[in-house]
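>>> Give me the fold of what follows.
(one chain, ligands or ions: 2)
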Amino acid sequence: MDSKKKKKPEKTIHGIAASNGIAYGRAFLFVQDELDVPHYKVEPTRYREEVERFEKALVATRHEIAKVHAEVEKNLGPDEARIFDAHLLVLEDQALIGETIREFEKTSMNIETCFMSISQRYVAVFEKIDDDYLRERVSDIRDVARRLLANLLGRTAAKLGELITDRIVISNDISPSDAASIDRSSALGIVTEAGSRTSHAVIVARSMRIPAVVGIGALTDTVESDDMFIVDGYDGVVIVNPDETTLFRYGKLKEQKRTFESRVMSVNRLQSETLDGTRVPHFANIEKETESDLAIRYNAEGIGLYRTEYLFIASDDIPDEEAQFAAYRKVAETLHPRPVIIRTFDLGGDKVRSNGVSISDPEANPFLGFRAIRFCLEHKDLFRTQLRAILRASAFGNVRIMYPMISSAVEIVRAGEILDEARAELRKKNQKFDEKIAVGAMIEIPSAAFTIDLIAEHASFLSIGTNDLIQYLLAIDRVNSRIAHLYEPTHPAVIRTLQRIFADARKARIPVSICGEMAGDPVFAALLLGLGAQSLSMTPPLLPSVRYMIRHMKYSEARKLAKDALKMSDPKEIYAKFADFYAERTRELNVEDAEE
Ligand code: PEP
Ligand code: MG
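Ligands and ions are numbered 1, 2, ... in the order given. All right, here's what the predicted structure looks like:
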């Protein structure tokens, strides 16, 4: 670090604890604006690459415009095509290009940021000139700038994970595709201004055990890239430029947490069973096929939720049948003979794009919009392709299919018709698959939660997605940090609904599991079990702590606690009740109590 610089004062900020762990490191500022253009500093070792990225995007944009020019000329005539000559001229404008590169050399900001700032400067200048011809050029510049940016972002954009090693990512918001591109060697920790515990980027961070604090409010404007950060993902605290005493304190805390977690790991290979002998099978949630090894490492009894949409989110295109089949087969084979529940694409909501490529038009309320099964039922080819890939993978393991966002039995029937078509296509080609493949539905919309008997007629298993169920029951957008404090899994409406789902499922003789984030929080283990949960599915690193909790309680205790909770009205008091129970049962794991 620059020794001439004055030591900056320490600052503590509170946010939402999103992913457990403590990280310490240098900041990497990554900011997305409304146009989804990220802003960040480029490391000197990547300068050449960055300029090449710009050059490649210029060439690609030129090709694109020339193609449009030819098409318009052919279909509409040379006069109409002339506008594209003007566009090509913008791209050949050496001043614009040269200034962008100079701006990059001066600021080291990524090329999109530099190009945006220079083109906006041009637009501002031309807009003021009292000359029709020159003012016309404003829209040309805007148009070309949009195309060039799309090319930079879509095809040649560096992924967040490739930009960094060992940094704390500080961002206004991180998309699921950004999150999918990072791992523990690139990002030490994540801090975002927006977000909540159940936003998908956070779920991904949790599966990679990257400490994260979200929803901390305005920060990126004041952060400099040489700032040092502590991220305390347990308590939702971020410390900017910590002093020696704080560093020492956190060093000690990290040690204590490590001991706690290694003690929890002592149950990793043991059965998930209560003290009075009730088995509660534990499954893993995964986003990528590579995580199937992680599920095995944490002794999952199968995959309870495979979020296949990450195949799309993590790449530039929708993967074809072969690519999907390879991924599903890998998971099926790795887990064999354990069951693998493959959820069909849940695109939409906060999972709408991959590298600038949107799956659909922006919507005012994406979580209430064109998402998941609704999207698939209207994109039948894409859906059938996925179903074929899943069916083919079923020949290599114990595969099941699950539909997301089911709001009524009718949707399962419609999805089933497409599944039948996929089956028929495979039969025609003599491709093998499990003829008796089980088909299930996610229960995450209140209308489904209250029609379990009807849904059970068309499904052979159910899985409760509490992340969505809570947002829809309480009318709390799950990614809106402004109202994240109102997102309460212990709200009486939530626990009553859960109880009712379990009771109705029992009556309908259909197995039901939980795969929302609630299942992976050991504080809720007694509540869920007591309400009637038969099995739980969570991100693999969380399996040991929930298993530990299950092994340290009686089923009868869980029943009693849940019964009492059902009579209570304050979500915070209900939470405290289970948090106390958790603290009591895990006391022996704490370093101070155990040996100090
Ligand atoms: C849920 O909604 O609880 C769930 C598991 O699905 P997702 O988080 O992918 O929406
Ligand atoms: Mg969901």
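
>>> what's the burial count for the residue in the stretch 301-450 of the chain that ligand 1 sits nearest to?
Here the stretch 301-450 of the chain gets closest to ligand 1 at one residue, residue 444, 4.6 Å apart by CB to the nearest ligand atom. Yep, even glycine has a C-beta here, placed from its N, CA and C like the rest. Neighbour count for residue 444, taken as other CB atoms under 10 Å: 26.

>>> Over to residue 97?
Residue 97, neighbours per other CB under 10 Å, totals 17.

>>> Offset the numbering so it begins at 53, please.
All right, first residue 53 from here; so that's residue 149.

>>> what residues does the helix or strand hosting it touch?
Element membership for residue 149, per DSSP states H and E: helix 146-159. Contacts with helix 146-159, where a contact means CB atoms under 8 Å, 6 or more residues apart in numbering, come from 94, 99, 102-103, 106, 110, 142, 161, 163, 165-167, 169-171, 174, 193.

>>> In this protein, which residue is most central in space?
The chain has residue 252 as the residue nearest its centroid, 2.5 Å off, counting by CA atoms, centre = their mean.

>>> Contacts only, for that one.
228, 231, 401-403 are the contacts of residue 252 under CB under 8 Å, 6+ apart.

>>> May I ask you to confirm that residue 414 belongs to a strand?
No - under the criterion used here (DSSP: H, G, I helix; E, B strand; the rest coil), residue 414 is coil, not part of a strand.

>>> Report the contact partners of the residue in the stretch 153-302 of the chain positioned nearest to ligand 2.
Nearest residue of the stretch 153-302 of the chain to ligand 2, counting by CB to the ion: residue 250, 8.7 Å away. Residue 250 sits next to 519, 522-523, 530-531, 539, 568-569 when contact means CB under 8 Å, 6+ apart.

>>> Those also near ligand 1: which ones?
Contacts with ligand 1 are made by 519, 568 out of those, judged by CB under 6 Å from any ligand atom.

>>> among the contacts of residue 250, which are in strands?
Judged by DSSP state E, those include no members of strands.

>>> Would you mind naming what in the protein lies close to ligand 2?
496, 517, 520 (CB under 5 Å from the ion).

>>> Make a markdown table out of these and add pLDDT.
Below are those laid out as a markdown table (pLDDT from 0 to 100):
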| residue | pLDDT |
| --- | --- |
| 496 | 98 |
| 517 | 98 |
| 520 | 96 |
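
>>> contact partners of the helix or strand following the helix holding residue 149?
Of the helices and strands lying after helix 146-159 in sequence (DSSP H and E), the nearest is helix 163-180. Applying CB under 8 Å, 6+ apart, the external contacts of helix 163-180 come out as 89-92, 94, 102-103, 105-106, 148, 151-153, 155-156, 159, 186-187, 189-190, 193-194, 197, 200-201, 204-205, 209.

>>> What subset of these is buried?
89-92, 94, 102-103, 105-106, 148, 151-153, 155-156, 189-190, 193, 197, 200-201, 204-205, 209 (16 or more other CB atoms under 10 Å).

>>> The residue nearest to residue 432 when sequence neighbours are not counted: helix or strand, and which one exactly?
Sequence neighbours aside, residue 470 is the residue nearest to residue 432 in space, at 5.9 Å (criterion: CB to CB, 6 or more residues apart in numbering). If you go by DSSP H and E, residue 470 is part of helix 461-480.

>>> Show me what counts as buried in that helix.
Result for helix 461-480 [16+ other CB under 10 Å]: buried residues 461, 463-464, 466-467, 470-471, 474-475, 478.
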